[in-house]
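K.L.:
sequence and computational prediction follow.
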There are 2 protein chains.
Amino acid sequence: MKMNNKFRSSCPIASTLDIVGDKWSLLIIRDMIIKHKRTFKEISDSDEKIAPSILSARLKLLESYKLITKRKLPENKKENIYLLTKKGIGLAPIIIEFTLWGNNNLREFNDIDLIDGLESDKSMIIDIVQNNYSSMLIQFG
Amino acid sequence: MKMNNKFRSSCPIASTLDIVGDKWSLLIIRDMIIKHKRTFKEISDSDEKIAPSILSARLKLLESYKLITKRKLPENKKENIYLLTKKGIGLAPIIIEFTLWGNNNLREFNDIDLIDGLESDKSMIIDIVQNNYSSMLIQFG
DNA sequence: ATTATTACTATCGTTTCGATAGTAATAATT
DNA sequence: AATTATTACTATCGAAACGATAGTAATAAT
């Protein structure tokens, strides 16, 4: 995996964009953190139809920056299980803010899904998402 | 300006990414909302060295989705003044979350600038950023 | 009148994307 | 046990986007 400094600057925003600032990474994180998707196959099956070559490349990159881990379970040697790390779970606020902004600002340009619970307190939504994911994680070591 | 539905799905996250999910848009917004940059020249002069062709294309796109407006002042017919709209100012929470995440999670991969005030309450930081920008806006109609 | 600045556009080689097909390993089915 | 299906990829290759540089037209400054 090429890890040759591809950071454009020392700005934290720019650096974050250098890792997840593409059209797919945050959608992969969305599926993992909200829908609890864990395998290549599950992540492939989204409305947005990500190409396998892109998904493969993105998972490798996210793994290299320690946002996700990859493992196999003893009972299944075929499937890889991808799980979010703490760093990855820490992206929940960003995911939630994207949801809120799209929900409030793009309805004139696109039919946006209605999502339940968005009127609740922001930090509560974030807590719930993160806690649910962390609870799910317990079943894995 | 081509406005042919380039939305991949009706998911608010995906739709937001379809507009600002590239390596440059949020950096342009950052410079506008935090550093109060207003002209093509000012925005060009960032650490990340955006190419003029890209900046030009991005400004047009952001304008087409009503995140920014473009105008000239009577006293200067050369400069274009770019200002954030309400929709654009609404991106402040996303910008702040990117800052916080990068600040907390990327120090092992890149030298990240130390930023003052990040230990304050999130919603307060966002309020300050948005209020400062809105105050600055008053001098324009 | 000349020079500088601003906001671009044009060009063009490089990189990335993205659709599709193919493959190797494992698991399920008959 | 043999065949079929599934999973997680890799390979290919044309299309789109990026990015560095140069150029230009309008305005402003000297």
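P.N.:
Nice, I can see it.
K.L.:
where does chain A have low pLDDT?
P.N.:
A:1-5 (pLDDT under 70).
K.L.:
which SS class is residue A:79?
P.N.:
The three-state label given to residue A:79 by DSSP: H, G, I helix; E, B strand; the rest coil is strand.
K.L.:
what residues are up against it?
P.N.:
When contacts are counted by C-beta atoms under 8 Å, 6 or more residues apart in numbering or on different chains, residue A:79 touches A:39, A:41, A:72, A:73. Yep, even glycine has a C-beta here, placed from its N, CA and C like the rest.
K.L.:
how about residue A:47?
P.N.:
B:8, B:9, B:10, B:11, B:14.
K.L.:
not counting its neighbours along the chain, what's nearest the residue nearest the centre of chain A?
P.N.:
Central residue of chain A (C-alpha atoms, centre = their mean): residue A:29, 0.7 Å from the mean position. Distances taken as C-beta to C-beta, 6 or more residues apart in numbering or on different chains place residue A:91 nearest to residue A:29, at 5.3 Å, with adjacent residues excluded.
K.L.:
does the one you found touch residue A:20 like I think?
P.N.:
Yes. Between residue A:91 and residue A:20 a contact is recorded at 7.1 Å, counting by C-beta atoms under 8 Å.
K.L.:
list residues touching both of these two?
P.N.:
Residues touching both residue A:91 and residue A:20 by C-beta under 8 Å, 6+ apart: A:26, A:29, A:67.
K.L.:
next, count neighbours for the closest residue to the first one other than its chain neighbours.
P.N.:
Spatially, and ignoring its direct neighbours in sequence, residue A:26 is nearest to residue A:20 (5.5 Å; C-beta to C-beta, 6+ apart). Residue A:20 has 24 neighbouring residues, counting by other C-beta atoms under 10 Å in any protein chain shown.
K.L.:
again, but for residue A:58
P.N.:
Neighbours of residue A:58 under the rule other C-beta under 10 Å: 20.
K.L.:
wait, what's in contact with it?
P.N.:
Residue A:58 neighbours (C-beta under 8 Å, 6+ apart): A:22, A:24, A:25, A:28.
K.L.:
among those residues, which are within reach of chain B?
P.N.:
residue A:22 (C-beta under 8 Å from any C-beta of the partner chain).
K.L.:
between the contacts of residue A:58, which has the most around it?
P.N.:
Within the contacts of residue A:58, residue A:28 tops the neighbour count with 23 neighbours, counted by other C-beta under 10 Å.
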